[in-house]
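Participant: Give me a 3D structure for the following:
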Amino acid sequence: MARSRKIKAGDVRRARVILRLAKGEPYERIMLLEGCGSEFIARWRKRFEAERLAGLYARHRGRIVSDNVISQEAQILSATQQAPVDGSTHWSTRKLARHLGVSHSRVARVWARAGIQPHRLRRYMASSDPEFEEKAMDIIGLYQKPPLNAAVFCVDEKSAIQALDRLDPVLPLSPGRAERHGFEYYRHGTLSLYAALHTASGKVLGHTTTRHTSAEFVAFLEQLLASLPQQQAVHIICDNLSAHKTQAVFDFLALHPNVRIHYTPTYSSWLNQIEIWFSKIQRDIIARGIFTSVNDLDRKIMRYIRLYNRTATPIKWSYQDASNRIKSASEINETVH
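Facilitator: Next up, the predicted model:
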C-alpha cells in the first residue's frame, strides 16, 4: 500500500505511518516526515492493532446530499431535454445556468455525471429494406462462420479522391502549436480506389482508376479472382450501388459460378467491413495528404496498402448491447427498421 501509485493518497500515508511505527520510529519523527499530528498517528495505530489492514480504511461516509440539491439537479436535467427559449438548437452551460438562475459550473457537473453532451450531434440512417433481418444475418454469418474453404471479401470503391496540393508551405507541428496547412490549394484531379478486404486475414487488395463505372467494377473483380486459386468459392459483400447491379455484373457472375455477391440492406453500408478500412485510410493519408499529381496520389495509396498488409489483422465485431442484436428469422414479426 505504501508503494502504490494507484490507491488514494490518504491510504498510502496511513500505510507509511504504520510501517514507521513498526520500525520503532518516534512520534515526533513521523509527524515531521508525514505531515500529520500525534492524534492522527494514535488513532490509526489503535485501529490497525484492532482490525489489521481493514482498520486502515477511512470511516468517513461522504457528505450527505440534501433534498434541495437533488431537486436542483433533476430540474437541470429536465430543462436540458427541452428546447432553449431563445430559439437556438441546443443549450450551453452558461445559457442554461442563466435560464435557471444557477452557476454554469453546477450545470457542467450535472451534465458530466449524467453523460449529457448537448453540443454533440450524431446522425443515422434507418434502413427501409423489408428484408433487413435476412440480409444482415447472411452477411454477419459470413463474418462469424464463413463457408469451409471459401474466401470472403468485402468490396467497395472510394470514389473521387482528390489530389490536392497546397499552394503555401506546411508549417510543421512544434511544442504548443499544431501542424498548419495553407487554406488555398490546387486540385490536380481525382482517382477512385477499388478495395477488397479479405475478412479472414484483414489484408486488402486495392486498385485505382480514373472512373468508377460498372466496367471498372467488373475489371476489379477479375483482378481479385486472378489472385485466388481457380474454382475456389468466393463470397463478395458489397452495397447496392447501381454499378454493382448492371447486366455486365450479372454476366460476370454467370461466367464464374463459384462467385456469389451478397448485397447489404439499403442504407446499411456499415455492415460492410471495408468501410472501416476506408475510414482508416482517410484519416491516415487522404485527409491531410499533399499530392503533387494524380500519379503521386496513386503511388502513396498503393504504398500505404502494401505497408498495411504487412501487419494486417482481421476485424473483430462484438455486440455492445445484446438487446439490439439481429433477430433470427423465427423472431421476425413485421419489424420496422
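Participant: The helix or strand hosting Ala196: what's the following helix or strand?
Facilitator: With secondary structure defined by DSSP states H and E, Ala196 is part of strand 185-198. With elements assigned by DSSP H and E, the helix or strand that comes after strand 185-198 is strand 204-209.
Participant: just for this structure, where's the confidence low?
Facilitator: 60-65, 318-337 (pLDDT under 70).
Participant: Kindly report the domain assignment for it.
Facilitator: Per the record, the chain has its domains at 9-56, 69-114, 132-319, by automatic domain parsing.
Participant: Ok, which of the ones you listed comes nearest Met125?
Facilitator: Closest to Met125 of the domains of the chain, according to Cβ to Cβ: domain 132-319, at 4.4 Å. Bear in mind the C-beta positions are built from the backbone N, C-alpha and C, glycine included.
Participant: which residues does the spatially closest residue to Leu205 that is not a sequence neighbour contact?
Facilitator: In space, and not counting its chain neighbours, Leu205 is closest to Ala196: 4.6 Å by Cβ to Cβ, 6 or more residues apart in numbering. Contact analysis of Ala196 by Cβ atoms under 8 Å, 6 or more residues apart in numbering lists Phe153, Cys154, Val155, Val204, Leu205, Gly206, Phe220, Leu224, Ile236, Ile274.
Participant: Please tabulate the residues you listed in CSV and include distance to Leu32 and neighbour count as additional columns.
Facilitator: Below are those laid out as CSV (distance: Cβ to Cβ, whole Å; neighbours: other Cβ atoms under 10 Å):
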residue, distance to Leu32, neighbour count
Phe153, 71, 24
Cys154, 67, 28
Val155, 72, 21
Val204, 65, 22
Leu205, 70, 18
Gly206, 68, 22
Phe220, 76, 20
Leu224, 75, 20
Ile236, 75, 21
Ile274, 66, 24
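Participant: Among those, which ones are in strands?
Facilitator: Assigned to strands by DSSP state E, the following of those qualify: Phe153, Cys154, Val155, Val204, Leu205, Gly206, Ile236.
Participant: okay but the fourth one is in contact with His198, surely?
Facilitator: Okay, so that is Val204. Yes. Between Val204 and His198 there is a contact at 7.5 Å, judged by Cβ atoms under 8 Å.
Participant: tell me the angle of the lengthiest helix in the chain relative to strand 185-198?
Facilitator: Assignment by DSSP state H gives helix 294-310 as the longest helix of the chain. Put simply, helix 294-310 runs at 30 degrees to strand 185-198, going by axes from the mean of the first three to the mean of the last three Cα atoms, to 10 degrees.
Participant: CA-only coordinates of helix 294-310 in CSV, if you can.
Facilitator: Output in CSV follows, covering the C-alpha atoms of helix 294-310 (Å, rounded to 0.1, in the frame of the first residue of the first chain):
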residue,chain,number,x,y,z
VAL,A,294,-2.7,12.1,-59.7
ASN,A,295,0.2,9.7,-60.1
ASP,A,296,1.6,10.9,-56.7
LEU,A,297,-1.8,10.2,-55.1
ASP,A,298,-1.9,6.7,-56.7
ARG,A,299,1.7,5.9,-55.6
LYS,A,300,1.0,6.9,-52.0
ILE,A,301,-2.2,5.0,-51.8
MET,A,302,-0.7,1.8,-53.1
ARG,A,303,2.4,2.2,-50.8
TYR,A,304,0.0,2.5,-47.9
ILE,A,305,-1.8,-0.7,-48.8
ARG,A,306,1.5,-2.6,-49.2
LEU,A,307,2.7,-1.5,-45.8
TYR,A,308,-0.7,-2.1,-44.2
ASN,A,309,-0.8,-5.7,-45.4
ARG,A,310,2.4,-6.5,-43.6
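Participant: Need the contact partners of it.
Facilitator: Contacts for helix 294-310 (Cβ under 8 Å, 6+ apart): 161, 163, 188-191, 193, 195, 203-204, 206, 208, 210, 281, 284-285, 289, 291.
Participant: What subset of the residues you listed is buried?
Facilitator: Neighbour counting by 16 or more other Cβ atoms under 10 Å classes 161, 163, 188, 190-191, 193, 195, 203-204, 206, 208, 281, 285, 289, 291 among those as buried.
Participant: Give me the neighbour count for Ser199.
Facilitator: Residue 199: Thr, not Ser. Residues lying near Thr199 (other Cβ atoms under 10 Å) number 19.
Participant: which residues touch the nearest residue to it once chain neighbours are set aside?
Facilitator: Spatial nearest neighbour of Thr199, excluding adjacent residues (Cβ to Cβ, 6+ apart): Val152 at 4.6 Å. Going by Cβ under 8 Å, 6+ apart, Val152 touches Leu142, Tyr143, Pro146, His198, Thr199, Ala200, Val234, His235, Ile237.
Participant: Equivalent analysis for Glu73, please.
Facilitator: Glu73 neighbours (Cβ under 8 Å, 6+ apart): Val110.
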